[in-house]
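Enquirer: give me a model of this one.
(chains A, B, C and D)
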Number of protein chains: 2
Amino acid sequence: MAPRTQTPRRKTRGSYDPEQTRQLLLDSALELFGDQGFHGTSVQEIVERAQVTKGAFYHHFESKQDVLSLIHDEFLDVQREAIERILEEVESPVEQLREVIRESVLTVTRYRQHVAVFFQERRYLTGRPAADVKRKRDKLDKAMDDIVIAGVEQGLFDARITPRVAVFGVVGMSAWVHQWYREDGTMSAEQVADDLANLALDGLVVR
Amino acid sequence: MAPRTQTPRRKTRGSYDPEQTRQLLLDSALELFGDQGFHGTSVQEIVERAQVTKGAFYHHFESKQDVLSLIHDEFLDVQREAIERILEEVESPVEQLREVIRESVLTVTRYRQHVAVFFQERRYLTGRPAADVKRKRDKLDKAMDDIVIAGVEQGLFDARITPRVAVFGVVGMSAWVHQWYREDGTMSAEQVADDLANLALDGLVVR
DNA sequence: CCTAACATACCGTCCAGTCGGAATCTACGG
DNA sequence: CCGTAGATTCCGACTGGACGGTATGTTAGG
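Expert: Numbering: from 1, shown residues only, chains lettered A, B, ... in the order given. Okay, the predicted model is just below:
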């Protein structure tokens, strides 16, 4: 589930190791989609990076789109699990939202390529996969909506701000992190997560 | 400069009207790039939408990339003009930032396709155009950085939040608007702009 | 009549997906 | 343990179509 950065060469099975081949192809597709985009990446490039051939690719996957939708699914599942966990562990809407923001930012830094692919190549999904992704996303959005609405009802959140817009604002600033954050920079992911959570909850202006 | 939504058929010049043809091609490319992406759009589609042929396209533009960089330039110029105007008109960093956010959001709603193209197809720019875009963007980022830093120095902004991150947060929530805002929805652009400005400046939590 | 503004036919390239076969693994009967 | 039949995994050449760009021809404007 975690994004591979290196591929420790095998636990000596035989010449065939379909699991690993499949994962190698997924990893290499993820990396290339993230860097060059879906249409900017050819299947040939993917298989070369994974050091196999097109035969292997089309044995494990139905199509190029198939891989794209698998990447989307994986990312959405990670997001869902995180938010479910938070809703169980924390009570107050304020702290729930804080944790959701922090966790989102951390996820974005950890799954940077997934996020890049998700938000830039989503449009190339069609049919069933597209519908699935939309359904899962709507559920995530609704979960966050509920947090904000609950907060407003309890008088904890500023009622002037439309809950929907607040959620989109929070999602936006979190997702945006993938555009600029680099692991080798001066800032830790934790620091960024805390800063953005503070920004959204307390604002930039001192009072 | 404003994004065309319809194309009022000509002020009867003759059979040739290069200005209009050029603009028609730009508009149609913008629309298609925004919807289908750069690589997802063929030159053939562009010219068909503009009801001309490839000859006309390659008469007015050097390449497909050329059009892409023109779209980027146009959007960046709009952004730059807006921020320059605000810096002249308003003094306080707080109000400067508020206006920048408001103006950014309004720009994003008005130039939705430009924004979509800008943030999703930027990677397909290479060489000179890519360098130009990067330079212009860096200038915009720096202008915003300066506002926040000035605010912190004057004790107006929360010093706990890293200025850089605050700027990226603000830019992110503004840019993100293009992902969900639709003109035919229930919310006015003004309303969204105000909400997001309030969110960034005062935060969601009441005190 | 010369140039700008197009139109149209065409070219070389690239690319997603296919297909027949080779290599490897697995199950099972002997 | 051996042999082998059938399934799984992978190879790599190939196809048919699409696409960016060009070359050449045609029409309108000054």
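Enquirer: get me the contact residues on chain A for DNA strand D.
Expert: Within chain A, the positions lying close to DNA strand D (C-beta under 7 Å from any atom of the strand) are A:16-18, A:21-22, A:52-56, A:58-60. Every C-beta, even on glycine, is put in place using the N, C-alpha and C of the backbone.
Enquirer: report the buried members of these.
Expert: Neighbour-count burial (16 or more other C-beta atoms under 10 Å in any protein chain shown) is assigned, among the residues of chain A next to DNA strand D, to A:21-22, A:52, A:56, A:60.
Enquirer: do you know how far residue A:192 is from chain B?
Expert: 6 Å (C-beta to the nearest C-beta, to the nearest Å).
Enquirer: ugh, typo on my part, it should be residue A:28
Expert: For residue A:28, the distance to chain B (C-beta to the nearest C-beta) stands at 18 Å.
Enquirer: so that residue touches residue A:49, yeah?
Expert: Yes. If you go by C-beta atoms under 8 Å, residue A:28 and residue A:49 touch, sitting 3.9 Å apart.
Enquirer: of the residues of chain A next to DNA strand D, closest to residue B:156?
Expert: Using C-beta to C-beta, the shortest approach to residue B:156 within the residues of chain A next to DNA strand D belongs to residue A:22, at 54.5 Å.
Enquirer: what lies in contact with the strand or helix carrying residue A:19?
Expert: For residue A:19, the element it lies in under DSSP states H and E is helix A:18-36. Helix A:18-36 is contacted from outside by A:3-4, A:7, A:10, A:41, A:45-47, A:49-52, A:56-57, A:60-61, A:67-68, A:70-71, A:112-114, A:116-117, A:121, B:123, using C-beta atoms under 8 Å, 6 or more residues apart in numbering or on different chains.
Enquirer: so what does residue A:17 look like in phi/psi?
Expert: Geometry field for residue A:17 lists phi and psi as phi -150, psi 80, criterion degrees, to the nearest 10.
Enquirer: and the pLDDT at it?
Expert: Residue A:17 is assigned a pLDDT of 89 by the prediction.
Enquirer: quick check: it vs chain B, distance?
Expert: Using C-beta to the nearest C-beta, one obtains 33 Å as the distance from residue A:17 to chain B.
Enquirer: now do residue A:151
Expert: Summarising the geometry, the distance separating residue A:151 from chain B, computed by C-beta to the nearest C-beta, is 7 Å.
Enquirer: same check on residue A:64?
Expert: Counting by C-beta to the nearest C-beta, the gap from residue A:64 to chain B is 13 Å.
Enquirer: give me every residue that touches the residue nearest to that residue when sequence neighbours are not counted.
Expert: Excluding the flanking residues, the one nearest residue A:64 by C-beta to C-beta, 6 or more residues apart in numbering or on different chains is residue A:43, at 5.7 Å. Applying C-beta under 8 Å, 6+ apart, one finds that residue A:43 lies in contact with A:54, A:57, A:64.
Enquirer: go again with 10 Å.
Expert: Contact analysis of residue A:43 by C-beta atoms under 10 Å, 6 or more residues apart in numbering or on different chains lists A:25, A:29, A:54, A:57-58, A:61, A:63-64, A:67.
Enquirer: same check, this time on residue A:106
Expert: For residue A:106, the residues meeting the contact criterion (C-beta under 10 Å, 6+ apart) are A:82, A:174, A:177, A:189-190, A:192-193.
Enquirer: could you check how far it is from residue A:84?
Expert: Between residue A:106 and residue A:84 the computed distance is 16 Å (C-beta to C-beta, to the nearest Å).
Enquirer: repeat that for residue A:194.
Expert: 22 Å.
Enquirer: what helix or strand is residue A:140 on?
Expert: helix A:127-153.
Enquirer: same for that helix, what does it pack against?
Expert: If contacts are counted by 3 or more C-beta pairs under 10 Å, 6 or more residues apart in numbering or on different chains; DSSP states H and E, helix A:127-153 sits against helix A:64-89, helix A:93-110, helix A:163-175.
Enquirer: so of those, which one's packed in deepest?
Expert: Mean neighbour counts were compared across the helices and strands packed on helix A:127-153 using mean count of other C-beta atoms under 10 Å in any protein chain shown; the top stretch is helix A:163-175, at a mean of 24.
Enquirer: anything in that one near chain B?
Expert: Yes. Looking at helix A:163-175 against chain B by C-beta under 10 Å from any C-beta of the partner chain, the contacts come from A:163-175.
Enquirer: flag the shaky bits of chain A, pLDDT-wise.
Expert: Along chain A, the model assigns pLDDT under 70 to residues A:1-14.
Enquirer: give me that answer again for 90
Expert: A:1-17, A:123, A:126-127, A:185, A:207 (pLDDT under 90).
Enquirer: which residue does it have closest to DNA strand D?
Expert: Here the residue of chain A nearest DNA strand D is residue A:55; by C-beta to the nearest atom of the strand that distance is 1.7 Å.
Enquirer: for that residue, what are its contacts?
Expert: residue A:47.
Enquirer: secondary structure class for it?
Expert: Going by DSSP: H, G, I helix; E, B strand; the rest coil, the secondary structure assigned to residue A:55 is helix.
Enquirer: now it: how far from residue A:47?
Expert: Distance check for residue A:55 against residue A:47: by C-beta to C-beta, it reads 9 Å.
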